[in-house]
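# What follows is a predicted protein model with its sequence.
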Protein chains: 2
Amino acid sequence: MTFATSRPHYPAAMAQLDSVGSTLLRAASDLLAAEGPAALTVRGIANAAGVSTMNVYSRFGGKDGVVEHLFVEGFRRLGEAMSSTPPSDDPIADLRACGLGYRRFAIGNQTLYSVMFDRVVPDFRPSPEAQVFAGTTLDLLAKRLQRAMTAGLLKSADPLHTAALVWATCHGVVSLELKQVKPSAIDWPAVYDDATSMIIKGLT
Amino acid sequence: MTFATSRPHYPAAMAQLDSVGSTLLRAASDLLAAEGPAALTVRGIANAAGVSTMNVYSRFGGKDGVVEHLFVEGFRRLGEAMSSTPPSDDPIADLRACGLGYRRFAIGNQTLYSVMFDRVVPDFRPSPEAQVFAGTTLDLLAKRLQRAMTAGLLKSADPLHTAALVWATCHGVVSLELKQVKPSAIDWPAVYDDATSMIIKGLT
DNA sequence: CGAGGTTGATAACATCGTTATCACAACGTA
DNA sequence: TACGTTGTGATAACGATGTTATCAACCTCG
């Protein structure tokens, strides 16, 4: 059971999907996770789903439509991972759990994470609706921050601004870790821990 | 005049380039900056340089060879931007200048930055030598940090670990800014300033 | 039962990175 | 000078990609 609150502006295109549509999405997701972004081709998706390529166009309008679904679903699951720990009486501990959930999602879904944050699919740009939905992930974080602020545990500040600060820190460390910069010389989990601790301490 | 120190492990492939080779590289760089990563095609580069496509293969071994040159040159220029301010008697101010130079480079060379940090060119993976060279950018930062540590202005810690911390912070903010997350609601330059200040304060 | 509309499989098209072909120029040697 | 050799580079071809067109089969409904 998760504690993710309902999200606004969930793109309507994600609502109804017939059997073929969901099979295609699952095939695309599996293909992405198993063989990387380069394997995410229209023919490859359709073959893995056991249907013809036309279904990708009739149901999703093309490859970018499939990728947009993966994009939105990725942010939905990211929000879930950040909210998977129930709110406790310690808002600071809740924030830490949020940060750990963020890293857990990124490390456990590397290729999906790169679809969401790198531009690994050529010419794909998320639609305005998808971008707005992705932005609501920030609101989840802002809400937790505001709770800590009203509890007097964090300095009062614009929650959205603060959320951007925290998000950028988490994303920065995870992003460099996934790019394998100096993989042997740097203990990235420790860097992640230090960075998040330093930001939280700076906000108290 | 810049104050960039000499860098180790500069890939040898960058050394000698004839006229056609450098023309190709300039054309590729211009194409990337002007029309984005999707316009970076072998035929497009050759046409812009006024030569045939074969030159890309005879001189660079293919498209990835050209991209690797852009990749390495990007990190060289990033290091230059971080070192463009001469060392003063205030190591903390030097660190701030370093961070401002980082952001200035990223904002001023957005598509190049995404070649360096996002995987916008399909199937391109930097060679081990190029990755090592990219990692030396971290050493430039570590050197400045160590100077501040020995001056007693920063807590003593592993300079490389600390450099990774600072780099990840800068990269995280810049990266989210370039992805235009909540572009209207967030003052990204202010977030960048807060994030770097908070990290520096946490290290003192 | 049959006409109309929809669906989807097949094939074609433009473009991509890459490779093969091959004409032509430059060089060394008799 | 004349000829064989070598290598460079422009052109064309190949496989794969996203996309679109074609068209036969099927379902719906009167």
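Structure received.
# anything in the longest helix that chain A contains near chain B?
Assignment by DSSP state H gives helix A:128-150 as the longest helix of chain A. Yes: using C-beta under 8 Å from any C-beta of the partner chain, helix A:128-150 reaches chain B at A:131, A:134, A:135, A:138. For glycine as for every other residue, the C-beta is placed from the backbone atoms N, C-alpha and C.
# among those residues, who's most crowded?
In terms of neighbour count, residue A:134 stands highest of these at 23 neighbours, by other C-beta atoms under 10 Å in any protein chain shown.
# How many residues are close by the residue nearest to that one when sequence neighbours are not counted?
Excluding the flanking residues, the one nearest residue A:134 by C-beta to C-beta, 6 or more residues apart in numbering or on different chains is residue A:75, at 4.7 Å. By the criterion of other C-beta under 10 Å, residue A:75 has 20 neighbours.
# Provide a list of residue ranges in chain A with pLDDT below threshold.
Low-confidence segments of chain A (pLDDT under 70): A:1-16.
# Which one of the residues in it is closest to chain B?
Here chain A gets closest to chain B at one residue, residue A:172, 2.2 Å apart by C-beta to the nearest C-beta.
# which residues sit in contact with that residue?
For residue A:172, the contacting residues are A:195, B:167, B:168, B:169, B:170, B:171, B:172, B:173, B:175, by C-beta atoms under 8 Å, 6 or more residues apart in numbering or on different chains.
# Could you single out the nearest of these to DNA strand C?
residue B:175 (24.7 Å; C-beta to the nearest atom of the strand).
# how close does that closest one get to residue A:78?
15 Å (C-beta to C-beta, to the nearest Å).
# re the thing from before, assign the residue of chain A closest to chain B to helix, strand or coil.
helix (DSSP: H, G, I helix; E, B strand; the rest coil).
# and chain A, which residues reach DNA strand D?
Counting by C-beta under 7 Å from any atom of the strand, chain A comes close to DNA strand D at A:40, A:41, A:42, A:43, A:44, A:53, A:54, A:57, A:62, A:63, A:64.
# Now name the helix or strand holding the fifth one.
Using DSSP states H and E, residue A:44 falls within helix A:42-49.
# Summarise which helices and strands the next helix or strand after that helix is packed against.
For helix A:42-49, the following helix or strand on the C-terminal side (DSSP H and E) is helix A:54-60. Judged by 3 or more C-beta pairs under 8 Å, 6 or more residues apart in numbering or on different chains; DSSP states H and E, helix A:54-60 is in contact with helix A:19-35, helix A:42-49, helix A:63-82.
# Would you mind listing the buried residues in helix A:54-60?
Residues A:55, A:56, A:59, A:60 are the ones in helix A:54-60 that count as buried (16 or more other C-beta atoms under 10 Å in any protein chain shown).
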